[in-house]
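Student: whatever this is, show me its structure:
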Amino acid sequence: MHMNISSLEVLFTPADFSSLRECDLSMTVCVVFDVLRATSSMVTALGNGAAAILPVEDIPQALALREQRAEVLLAGERNGLIIGADLTGSVSFDLGNSPREFRQETVAGKTIVMTTTNGTRALRACAHAKRVLISSFLNLTVTVGSLEGADPVRLMLVCGGTHEQAAYEDVLCAGALCDLVWANCNQDSVSDSALVARMLFRQERQDLLAAISRSCNGRRLLASPQLRDDVRFCVQLDSVNLVAAMDQDGLLRGSFIQLA
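Tutor: Have a look, this model is predicted:
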């Protein structure tokens, strides 16, 4: 791959989201990771033909959009579970946050309004960047390929995390992206956070499923009979040749790209 990465940084925790809103990101490409499970679900939905995804930060925003557009699907979770009428005071959401729910027959042609605990917060925090990409293990290499030929790129990798803490699976996925672009980086402008993420990935890359199964989110999902299969699903490497990006209107849309 031929690209020129002028700087590379990884943000590990949601504590960085508030300061991110104040940063000048006009020359920065942000790549957002919430591997278990928001960005994996978004990539899966777009790969299965969803027209667009609108990420919102809270439940009232999602409900207001449903009032305006009755045809949209509502998707999201709180504490890992689908949002029910007990939280909305009225309707249950159509979908939760399991990528296995976003099947073609359910999402094709649909616009999905989505709110999750951390992933959608991360996306809104960097919405003012030059470009915002949504990545996961599922579409990792094609995400990097979409940067090829661009002007010198300031690259910021934003990990969704869990509540206010770092999430191991997000750091590993960010580290995998760092590894792919490492030879194209100006090493004088590579942050220690990128070095840490890359070294962790290189240490764990022989068995990512085992590594992520040790994480807090991995253990929580594996303990649930309904959700345990999400862990294996989300570590499938490069299963979808789809670049997912946030457009100027705030909608996430996907485009299929075949790598040479």
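Student: low pLDDT regions in this protein?
Tutor: 1, 260 (pLDDT under 70).
Student: can you give me the strands in it?
Tutor: Under the criterion DSSP state E, the chain contains strands at 5-11, 28-33, 52-55, 73-78, 81-82, 111-115, 131-135, 153-159, 242-246, 252-256.
Student: show me the one of these that comes nearest Asp188.
Tutor: With C-beta to C-beta as the measure, strand 5-11 is the member of the strands of the chain nearest Asp188 (9.2 Å). (C-beta placed from N, C-alpha, C; glycine too.)
Student: picking that back up, TSV for the strands of the chain, including distance to Ser92 and mean neighbour count?
Tutor: Below are the strands of the chain laid out as TSV (distance: least, C-beta to C-beta, whole Å; neighbours: other C-beta atoms under 10 Å):
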stretch	distance to Ser92	mean neighbour count
strand 5-11	33	22
strand 28-33	27	27
strand 52-55	19	24
strand 73-78	8	23
strand 81-82	7	16
strand 111-115	14	24
strand 131-135	25	25
strand 153-159	30	25
strand 242-246	26	22
strand 252-256	23	18
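Student: and Leu209, which of these is closest to it?
Tutor: Comparing these by C-beta to C-beta, strand 28-33 comes nearest, at 17.0 Å.
Student: and the closest one, what does it pack against?
Tutor: Packing partners of strand 28-33 (3 or more C-beta pairs under 8 Å, 6 or more residues apart in numbering; DSSP states H and E): helix 119-125, strand 131-135, strand 153-159, helix 168-181.
Student: who's in contact with the third one?
Tutor: Read it as strand 153-159. Residues outside strand 153-159 that contact it (C-beta atoms under 8 Å, 6 or more residues apart in numbering) are 3-13, 16, 20, 25, 27-34, 122, 125-126, 129, 147, 166-167, 170-171, 174, 177-178, 181, 194, 197.
Student: taking strand 131-135 as reference, get the angle to that strand.
Tutor: 50 degrees (axes from the mean of the first three to the mean of the last three C-alpha atoms, to 10 degrees).
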